[in-house]
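Enquirer: predicted coordinates and the sequence they were generated for:
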Amino acid sequence: MKSLKSQYAKARKVLPGGVNSSARFNHAIGTPFYASRAKGSRVWDIAGRPFIDMCCAHGAALLGHGHPAIDRALKKAGKLGYAHSFETEYHEQLAHELCELIPCADRIRFCSSGTEATLHLIRTCRAFTGRDKIIRVEGHFHGYHELIYIGGQPPASAFPRNRTQPYLESPGMPAALADFIIPVPFNDEAALARAIAEHGHEAAMVILEPVNFNSGGIQPQPGYLAAVRKMTRDAGIVLFFDEIQSAFKKSLGGAQAEWGVTPDVCTIGKAIGGGLPLSAFCGRAEIMDLFQPVGPVQHSGTFNAHLVPVLAGLAFLAEAAKPGFYRRLQQLEKAFHTGVDQIIAQHDLNLVVPHHGARFNLLLGRTTPAVRYEDTFCHDRAVMLELLRGCYERGVYFHDYGGGPAHHGYSVQHTLQEIGEVLSVLEDVLPPLKEKLCRR
Ligand SMILES: Cc1ncc(COP(=O)(O)O)c(C=O)c1O
């Protein structure tokens with residue numbers, strides 16, 4: 001009989017660590033989760049065991065798995081011969097729809113992943129300003145490439161040096177690249193003002209996640225995003241919102257519409273492809289029109305804006321625009337957070353579950369939400385692994401991000417009954433961890 005262990009033994013002979021994305025190794029279960037299939041809100045492992053999926057493809061499966069609208073898009077793509085590496089009327093249609101929805105978008109281009117989207121847009125921001133440095137916010141994540149995988153999420157031991165010597169988040173990256181990075185704390189207007197006073201003349205952009213899903217779900221404090229908007233505009237620095245995760249989780253316009261703060265440019269990704277690889281970068285016309293063939297900036301690629309995910313993107317938007325879509329997600333959000341907050345209060349647990357739309361974080365060791373990255377150092381990774389393991393053993397799959405306080409969520413195909421089942425599992429798993437949650 002197939003098992004995760006036997007599949008892992010076979011896979012690791014040919015795939016480093018048995019996976020194609022390092023983050024797919026699940027430390028809570030000791031192997032990667034090898035899936036046999038997924039449908040709606042459920043995923044089955046290779047042995048045929050079903051789980052309620054609370055990972056939802058890291059936020060990409062907001063429509064749930066195997067949604068009929070995506071099936072129809074795939075069939076249509078088959079009929080069109082997957083005409084890829086060509087522009088089609090569907091590309092233009094998707095671009096038009098998104099430029100209507102995303103406040104900062106006059107123009108848009110599509111690629112496959114969030115990592116690619118930030119890479120291309122950083123180049124454009126540099127070309128636009130003629131400056132090289134990047135002011136980035138601690139705790140925020142913008143993909144794995146060399147331009148920005150620096151100074152974002154240093155371990156606690158390297159954190160004290162991060163502002164003078166930005167932390168290289170992987171071996172293999174030239175140390176000299178850290179010279180381009182200026183890390184600042186989230187939610188600290190004074191620190192950003194100081195960074196701009198010192199480096200404004202050489203900074204091309206301020207890049208941030210408007211909701212910091214990648215480090216404990218930290219929300220922008222009231223007035224912070226508006227203050228960043230003003231400071232960047234005054235200094236002629238491009239304001240870059242990375243909405244790869246926040247786009248579509250709560251509304252069609254993304255966090256920029258929700259907070260009423262329009263950046264100069266932004267990236268969007270994950271949910272937009274309805275589960276297929278699609279991301280985009282967009283912004284003000286004068287910045288985006290720097291791309292060749294209008295301007296001088298190069299951005300090309302054989303698989304850019306592949307027709308299949310473009311059709312899936314149109315199908316996703318059509319579903320998300322239906323009146324019931326966000327109503328449904330709101331119902332699930334209310335049911336889940338009312339329930340989880342009750343469990344926390346009833347058992348007096350040291351844990352917060354900040355949320356924004358259909359995505360939430362589990363941050364251990366605190367009773368109030370974090371405001372900046374270092375506030376998340378109370379999170380105990382070993383206890384998190386116990387928590388995730390307990391849920392896994394009871395049929396609920398939360399993905400493990402190395403025990404970190406990263407994000408989880410549900411899809412529009414999850415039912416209130418399933419949210420109830422997840423809450424019962426948490427009611428079972430959390431109270432025995434109470435003492436460990438209080439350790440710090
Ligand atoms: C805010 C943000 N930016 C960029 C990325 C990278 O996206 P991808 O995994 O599609 O490369 C992620 C992925 O989690 C993200 O959350």
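Expert: Nice, thanks for sending it over.

Enquirer: CA only for contacts and neighbour counts going forward, please
Expert: Noted.

Enquirer: ok, which stretches of the stretch 151-300 of the chain are helices?
Expert: Secondary structure of the stretch 151-300 of the chain (DSSP state H, counting those that start in this stretch): helices at 189-199, 224-235, 254-259, 285-288.

Enquirer: can you lay out those as TSV showing mean neighbour count, distance to G420 and mean pLDDT?
Expert: As requested, these are exported to TSV (neighbours: other Cα atoms under 10 Å; distance: least, Cα to Cα, whole Å; pLDDT from 0 to 100):
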stretch	mean neighbour count	distance to G420	mean pLDDT
helix 189-199	15	40	98
helix 224-235	17	35	98
helix 254-259	18	28	98
helix 285-288	19	45	98
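
Enquirer: out of these, the one nearest the ligand is which?
Expert: Nearest to the ligand among those is helix 254-259 (11.8 Å), distances taken as Cα to the nearest ligand atom.

Enquirer: quick check, the closest one touching the ligand?
Expert: No. Helix 254-259 is not in contact with the ligand by Cα under 6 Å from any ligand atom; minimum separation 11.8 Å.

Enquirer: who are the contact partners of the closest residue to the ligand within the chain?
Expert: At 3.2 Å from the ligand, G114 is the closest residue in the chain, using Cα to the nearest ligand atom. Residues near G114 by Cα atoms under 8 Å, 6 or more residues apart in numbering: 142-143, 244, 267-270, 279-280.

Enquirer: repeat that for 7 Å
Expert: 143, 244, 269, 279 (Cα atoms under 7 Å, 6 or more residues apart in numbering).

Enquirer: neighbours of H145, how many?
Expert: Neighbourhood size, H145 [other Cα atoms under 10 Å]: 14.

Enquirer: ok, now K13?
Expert: 10.

Enquirer: what helix or strand is it located in?
Expert: K13 is located outside every helix and strand, with elements delineated by DSSP states H and E.

Enquirer: give me the below-cutoff pLDDT ranges for this protein.
Expert: 439-440 (pLDDT under 70).

Enquirer: can you name the residues of it that neighbour the ligand?
Expert: Checking the chain against the ligand by Cα under 6 Å from any ligand atom, the hits are 113-115, 141-143, 209, 242-245.

Enquirer: just the contacts of G114: which are in strands?
Expert: Under the assignment DSSP state E, the contacts of G114 contribute S279 to strands.

Enquirer: what would the contacts of G114 look like in CSV with neighbour count and distance to G217?
Expert: Below are these laid out as CSV (neighbours: other Cα atoms under 10 Å; distance: Cα to Cα, whole Å):
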residue, neighbour count, distance to G217
G143, 18, 17
I244, 29, 14
G269, 28, 18
S279, 28, 21
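
Enquirer: which member of the contacts of G114 is positioned nearest E89?
Expert: S279 (18.1 Å; Cα to Cα).

Enquirer: how about the contacts made by the closest one?
Expert: 110-114, 117, 268-270, 272.

Enquirer: repeat that for H347.
Expert: With the criterion set at Cα under 7 Å, 6+ apart, H347 makes contact with P431.

Enquirer: widest-spaced pair of the residues of the chain next to the ligand?
Expert: That would be S113 and E209, which, of the residues of the chain next to the ligand, are the farthest apart (Cα to Cα) at 16.0 Å.
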